[in-house]
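Chemist: model the following, please.
(chains A and B)
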Amino acid sequence: MLVLDKKTFEEEVLNQDGFTLVDYFSDGCEPCKALMPDVEDLAEAYGDQVKFCKLNTTGARRLAISQRVMGLPAILLYKDGEKVDECTKDDATKAEIEAMINKHI
Amino acid sequence: MSQQYDVVIIGAGPAGLSAGLYAARSRMSVLILEKEKKGGQIVTTDEVANYPGSVPEATGPSLIARMVEQCHEFGASIEMKTVVDLDFESKIKKLVLNDGSTVEAKSVIIATGAQPRKLGVDGEKELTGKGISYCATCDADFFTDLDVYCIGGGDTAVEEAIYLTKFASKVTIVHRRDELRAAKSIQEKAFKNEKIEFIWDAVVEEVNGDGIVEQMVLRNKKTDEKQVIDAPEDVGTFGIFVFVGYIPNTNLFKDHIELSKRGYIDTCPEMKTEIPGVFAAGDVREKTLRQVVTATADGAIAATQAEHYISNTEF
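Modeler: Numbering: from 1, shown residues only, chains lettered A, B, ... in the order given. Okay, here's the model as predicted:
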């Protein structure tokens, strides 16, 4: 998975054609750490159709809020740089994320 | 052919891990099933100050990591799977998992815990993760220099309010009564904290906002008066952290075991449920004190009783 930061986010996500998935996590978010391996599995399975990225919101708080992310874990799916769907908090499970991907691609 | 274990434990929080450790240590074959994340609710806590013997600066995750390590050392398996159905009718219990497989067990320990109760108001679902949160350690960072409202008056609400003052510009505790329920020592800290304010006798009626929390409506329980809290114009949002108690994770068992009025599982002091060979441990039980220390104690007792049950039963 591509590691984003506030400098690369615009180029890699907002200016990107096709599907991009961003896993928003932070240093303090334990549920995010537990979920990450599942997202990595999905990256293996869907990597040829969706670009998988992750963003540590610690130090990128304003960027996360600009994307309407104020709670973690949050997995957002973008198409051509526009957010099309998301799985947040309780909905951020492997099954729900996979269903979200399949709904759009 | 489904695999059979001496003991299958549902839930890998402190109660389940303690049961796993004790059961595996007494040479039983042990499988612990966890649907979401190892550790349960305690992993969202960054300070565990009241677990006797825990090292200074123990965090929820560090404590759980050690418990998981101990389980592995003694040979218990932990699998990240969800139990979707169960059969407690026959002597050998059967659990159907979300991957379609079935596991069998001579004994089952239910350690599914509880989860934070929701407010149950309009706007809550849509704005969860958009200003409404149930996990301070997960989300506090987003509210740096913003106003935050903590809903609730128990230990968790007040402790998390204190934690949130490290980030927020101001934290207001909104409580439905005119005094806190939290332990006196915690209350004192809150009253001394200059960043904490209180709104008494108030409940949340609704939360509004377009993709992000912009407004919260409170109602005073004594006067019925409404109070509308709007986000300051310059920042456009504020935080709402909800700590209004817990609900037990017993949905799976409600058709198999009679639950208490509040939805918890009744056990005797040996952690036995009404079904021979089925035990319950931790927050899922009807009891008075829900702490890591009581959860681990429950787990130890349940595992020991499971061993007694197995050795005294013909399968």
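Chemist: just want the residue of the stretch 1-150 of chain B that's nearest chain A.
Modeler: Scanning the stretch 1-150 of chain B for the residue nearest chain A gives residue B:129, at 2.9 Å (criterion: Cβ to the nearest Cβ). Where C-beta positions appear, they are placed from N, C-alpha and C, glycine not excepted.
Chemist: list the buried residues for the lengthiest helix in chain B?
Modeler: Looking across chain B with DSSP state H, the single longest helix is helix B:292-311. Within helix B:292-311, the residues that count as buried by 16 or more other Cβ atoms under 10 Å in any protein chain shown are B:292, B:294-307, B:309-310.
Chemist: now for that helix, which elements pack on it?
Modeler: Packed against helix B:292-311 by the contact rule (3 or more Cβ pairs under 8 Å, 6 or more residues apart in numbering or on different chains; DSSP states H and E) you find strand B:3-10, helix B:14-25, strand B:102-110, strand B:278-280.
Chemist: just give me how far the third one sits from the chain centre.
Modeler: Yep, that's strand B:102-110 we're talking about. Chain-centre distance of strand B:102-110: 22 Å, with Cα atoms, centre = their mean, to the nearest Å.
Chemist: ok, that strand: who's next to it in the sheet?
Modeler: Strand B:102-110 sits in its sheet next to strand B:3-10 (parallel), strand B:93-97 (antiparallel), strand B:278-280 (parallel), going by DSSP bridges.
Chemist: just the residues contacting the second one, thanks.
Modeler: Taking Cβ atoms under 8 Å, 6 or more residues apart in numbering or on different chains as the criterion, the residues outside strand B:93-97 that touch it are B:2, B:8, B:10, B:33, B:81-87, B:102-108, B:277-278.
Chemist: average pLDDT across it?
Modeler: The predicted model assigns strand B:93-97 a mean pLDDT of 97.
Chemist: equivalent analysis for stretch B:210-230, please.
Modeler: So the average pLDDT for stretch B:210-230 ends up being 96.
Chemist: residues near residue 69, how many?
Modeler: You didn't say which chain, so I picked chain A. 27 (other Cβ atoms under 10 Å in any protein chain shown).
Chemist: please refer instead to chain B.
Modeler: 11.
Chemist: Three-state assignment for it, please.
Modeler: Counting by DSSP: H, G, I helix; E, B strand; the rest coil, the backbone at residue B:69 sits in helix.
Chemist: circling back: out of the strands paired with strand B:102-110, which is the most enclosed?
Modeler: Most buried of these, by mean neighbour count (mean count of other Cβ atoms under 10 Å in any protein chain shown): strand B:278-280, with a mean of 29.
Chemist: residue A:38 touches residue A:95, doesn't it?
Modeler: No: look at residue A:38 against residue A:95 with Cβ atoms under 8 Å: they stay out of range, at 9.1 Å.
Chemist: the two: which is more packed in?
Modeler: residue A:38 (18 against 12).
Chemist: which residues does that one contact?
Modeler: A:93-94, A:97 are the contacts of residue A:38 under Cβ under 8 Å, 6+ apart.
Chemist: that one is in what secondary structure piece?
Modeler: Assigned by DSSP states H and E, residue A:38 belongs to helix A:30-46.
Chemist: okay, buried residues for the lowest-mean-pLDDT helix or strand in chain B please.
Modeler: Ranking every helix and strand in chain B by mean pLDDT, DSSP states H and E puts helix B:136-139 at the bottom, with a mean of 85. By 16+ other Cβ under 10 Å, the buried positions in helix B:136-139 come out as B:136-139.
Chemist: for chain B, what's the nearest residue on chain A?
Modeler: Distance from chain B to each residue of chain A (Cβ to the nearest Cβ) is smallest for residue A:71, at 2.9 Å.
Chemist: next up, the contacts around the nearest residue in space to that residue that is not next to it in sequence.
Modeler: Closest residue to residue A:71 apart from its sequence neighbours, by Cβ to Cβ, 6 or more residues apart in numbering or on different chains: residue B:129 at 2.9 Å. Neighbouring residues of residue B:129 by Cβ under 8 Å, 6+ apart: A:69-72, A:74, A:88-89, B:139.
Chemist: go through these and flag which are in helices.
Modeler: residue B:139.
Chemist: could you find the lowest-pLDDT member of the contacts of residue B:129?
Modeler: residue A:89 (86).
Chemist: for it, which residues are in contact?
Modeler: Taking Cβ under 8 Å, 6+ apart, one finds A:71-74, B:128-129, B:134 in contact with residue A:89.
Chemist: export those as JSON lines, with columns for distance to residue B:92.
Modeler: Shown next, in JSON lines, are those (distance: Cβ to Cβ, whole Å):
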{"residue": "A:71", "distance to residue B:92": "43"}
{"residue": "A:72", "distance to residue B:92": "41"}
{"residue": "A:73", "distance to residue B:92": "38"}
{"residue": "A:74", "distance to residue B:92": "42"}
{"residue": "B:128", "distance to residue B:92": "41"}
{"residue": "B:129", "distance to residue B:92": "42"}
{"residue": "B:134", "distance to residue B:92": "38"}
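Chemist: widest-spaced pair of those residues?
Modeler: A:74 and B:134 (14.1 Å; Cβ to Cβ).
Chemist: related to what we said a few turns ago, now do the same contact list for the residue of chain A closest to chain B.
Modeler: Residue A:71 is in contact with A:88-89, B:128-133, B:135, B:138-139, B:142, counting by Cβ under 8 Å, 6+ apart.
Chemist: among those residues, name the ones in strands.
Modeler: Among the contacts of residue A:71, DSSP state E puts A:88, B:132-133 in strands.
Chemist: just put the residues you listed in a markdown table and tack on distance to residue B:235 and neighbour count.
Modeler: Below are these laid out as a markdown table (distance: Cβ to Cβ, whole Å; neighbours: other Cβ atoms under 10 Å in any protein chain shown):
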| residue | distance to residue B:235 | neighbour count |
| --- | --- | --- |
| A:88 | 21 | 20 |
| B:132 | 16 | 29 |
| B:133 | 17 | 29 |
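Chemist: all good on my end, thank you.
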